[in-house]
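Visitor: model the following, please.
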Amino acid sequence: MKIIHTADLHLGRQFNGLALDADHETILDQIVSALVDHRADALIIAGDIYDRASPPANAVRQFNDFLTKVASETKAAVIMIAGNHDSGDRIGSMSIMTDTNRALIRGVVTADEKPLVLADAHGPVAFSGLPFAYEYAARECFADEALETPQDVLAAQVAAARRNVPAGARWVLVAHAFVAGGSGSDSERPLTRVGGIETVSPQIFTGAHYVALGHLHKPQSVGSHHIRYSGSPLAFGFDEADSTKVMKLVEIDAAGQVAVEEIAFKPARKVSVMRGRHAELLLGRPSSDFVKAILTDDAPVIDGMKRLREVFPNACELSYEWSERAPSIKSTGGVARGVADPVNVLGDFLELVRAERLSGSELEVAAAALGRLRHQENAE
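Guide: So this is what the prediction gives:
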């Protein structure tokens, strides 16, 4: 059986204030093409279909059009779940009056998780969809106040799903979680409150032949060859600059062993970081990519971003190499200080931006000004 696994579409998202509608349309078309080209039996979308619980209308229309193409142009079944960015009720509403022989859509957690069962020449394959759920919702669903962590919640969901897997069936689990050992990126929202433990053990998935995960935006396997994140189809931050985004083509054999191939997405616009002097960057080949420029110029460039956008219209960030290096605060006389001397701090700053410290006359002016401020504070 052949499966296309993707996740974390984040429809409706922007990149530094720039709309991604056209970029999303490109990757959605590529998913449909992959389903057709590889004659896939199933499409898995492992959560975070939308970027927020109340997505813009254009994002909803875009996804509806995509599902229409999948239904009309392919024979693939669709298995999708809500992620932590989605509204579970919104995703769950898509399952109403849906062909249950060809779709499994899970928006909210249930204590009686029934699979979608497909068949190939070797017998049945059961797909269980486990939507993301916070602890309070899981406690109510399972009537268990002891569910206190994402690990507890997912363990209860897996147990509920395992009970309904037909005997002898190969089992595919779909979940949205941070599995221990995974590598995150800057664009993921935490799955728990501040200070909580959001990771779950890969041992939770014992018995599954393939685990299709969402949440982490980098494609990777965790704990075992068959536990996989597809990653997001688009890069959403400069920490993912020049990375290759993929969907997974998964083939399950008669014994339940999986072979995984990565199909690279071809984004309409890439995410790139450029480094060099401003004048040199302006000589580069024009590009519509999302660009962060790190300038090596010794002094700030007048209208640096405006001029950069004449060549790179989607330039989003501009910084200077020297500004990304933290200044060292120097103390006098080797005495440890709880608070640095303001004159020294000012001297360090000027040395950083103009490569020379305060002159004697400047030192006098700075000291006198700070003295007047201290006097005013004491008078008040």
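
Visitor: residue 2 reaches residue 250, doesn't it?
Guide: Yes - using Cβ atoms under 8 Å, residue 2 makes contact with residue 250 at a distance of 7.2 Å. In short, each C-beta sits where N, CA and C put it, glycine included.

Visitor: these two: which is more packed in?
Guide: Applying other Cβ atoms under 10 Å to residue 2 and residue 250 shows that residue 250 carries more neighbours, namely 24 against 17.

Visitor: dump the residue contacts of that one.
Guide: 2-5, 210, 212, 228, 258-260 (Cβ atoms under 8 Å, 6 or more residues apart in numbering).

Visitor: looking at these, which are in strands?
Guide: Counting by DSSP state E, these place 2-5, 210, 212, 228, 258-260 in strands.

Visitor: if you rank those residues by neighbours, which is first?
Guide: Highest neighbour count within these: residue 212, with 31 neighbours (other Cβ under 10 Å).

Visitor: now the strands: where do they sit in the stretch 51-200 of the chain?
Guide: 77-81, 103-106, 116-120, 123-130, 170-176, 178-179, 199-200 (DSSP state E, counting those that start in this stretch).

Visitor: ok, what's across the strand from residue 118?
Guide: Counting by DSSP bridges, residue 118 is bridged to residue 125.

Visitor: distance between the ends of stretch 77-93?
Guide: End-to-end distance for stretch 77-93: 18 Å, by Cα to Cα, to the nearest Å.

Visitor: for it, buried residues please.
Guide: 77-88, 90-92 (16 or more other Cβ atoms under 10 Å).

Visitor: stretch 106-123 too?
Guide: 106-110, 113-116, 118.

Visitor: now do stretch 198-212
Guide: 198-200, 202, 204-205, 208-212.

Visitor: ok, residues contacting it?
Guide: Applying Cβ under 8 Å, 6+ apart, the external contacts of stretch 198-212 come out as 3, 5, 7, 44, 46, 150-151, 154-155, 158, 162, 165, 170-175, 177-182, 190-192, 222-224, 226-228, 230, 248, 250, 252, 256-258.

Visitor: buried by neighbour count, from those residues: which ones?
Guide: For those, buried by 16+ other Cβ under 10 Å: 3, 5, 7, 44, 46, 150-151, 154-155, 158, 162, 165, 170-175, 177-180, 182, 191, 222-223, 226-228, 230, 248, 250, 252, 256, 258.

Visitor: which one is the most centrally placed residue in the chain nearest to, not counting chain neighbours?
Guide: In the chain, the residue lying closest to the centroid (Cα atoms, centre = their mean) is residue 217, at 3.9 Å. Leaving out its chain neighbours, the residue that sits closest to residue 217 by Cβ to Cβ, 6 or more residues apart in numbering is residue 232, at 4.1 Å.

Visitor: just to check, the one you found is in contact with residue 15?
Guide: No - counting by Cβ under 8 Å, residue 232 does not reach residue 15; the two are 12.0 Å apart.

Visitor: the two: who's more crowded?
Guide: Counted by other Cβ under 10 Å, residue 232 and residue 15 do not tie: residue 232 has more neighbours, with 28 against 19.

Visitor: tell me the pLDDT of the more buried one.
Guide: Residue 232 is assigned 98 on the pLDDT scale.

Visitor: how many other residues sit next to the residue lying closest to residue 56 once chain neighbours are set aside?
Guide: Excluding the flanking residues, the one nearest residue 56 by Cβ to Cβ, 6+ apart is residue 12, at 5.0 Å. Using other Cβ under 10 Å, residue 12 has 23 neighbouring residues.

Visitor: can you give me the distance of residue 12 to residue 128?
Guide: For residue 12, the distance to residue 128 (Cβ to Cβ, to the nearest Å) stands at 27 Å.
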